[in-house]
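Enquirer: Fold the following, please.
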Amino acid sequence: MAISHAASGELIDIRPLGAALRQTGSSTLVRAEHLEVFRFVLPAGQVAPEHKAAGALTLQCLEGEVEFEAYGRTQILRAGTMVYLADAAPHAVRALTDSALLVTILLRRT
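Expert: Below you'll find the predicted structure:
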């Protein structure tokens, strides 16, 4: 069965999950030819080891607090903060608290 994603013009709820965060998994919200948007849920202590995206991206912290590593430095993303990464920039994320990130990738398709 195909996973349903938002259609062009459809409203998408990205409000914080609050108490439901631990019971909610990550989910793709938009998938188009050159764009992908997903809510990335990380319970406290979970790590997304160093990796690269197939395009430029932004990570916006919707709730919680994560340690973000890129370009040889570590920064803390908290609710209301966002970071931009150039195409294929290596990065890693570690949740300091139960957290949800909104990830937007401008996909590089060849």
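Enquirer: all contacts plus neighbour counts: C-alpha atoms, from now on.
Expert: Noted.
Enquirer: what ranges do the strands span in this protein?
Expert: Under the criterion DSSP state E, the chain contains strands at 27-32, 35-42, 47-51, 55-63, 65-70, 73-78, 82-85, 91-95, 99-107.
Enquirer: so what secondary structure elements neighbour the third one?
Expert: Right, strand 47-51. With contacts defined as 3 or more C-alpha pairs under 8 Å, 6 or more residues apart in numbering; DSSP states H and E, strand 47-51 has these neighbours: strand 91-95.
Enquirer: which other helices and strands contact the strand it packs on?
Expert: strand 47-51, strand 65-70.
Enquirer: Quick one: closest of those strands to residue 102.
Expert: strand 65-70 (12.4 Å; C-alpha to C-alpha).
Enquirer: show me where pLDDT drops low in this protein?
Expert: Using pLDDT under 70 as the threshold, the predicted model of the chain has low-confidence ranges 1-3, 110.
Enquirer: how about 90 then?
Expert: Counting by pLDDT under 90, the chain shows low-confidence ranges at 1-6, 108-110.
Enquirer: quick one, what contacts residue 68?
Expert: The neighbours of residue 68, taking C-alpha atoms under 8 Å, 6 or more residues apart in numbering as the test, are 74, 75, 76, 77, 91, 92, 93, 94.
Enquirer: Identify the residue spatially nearest to it, adjacent ones excluded.
Expert: Closest residue to residue 68 in three dimensions, ignoring its sequence neighbours and counting by C-alpha to C-alpha, 6 or more residues apart in numbering: residue 93, at 4.7 Å.
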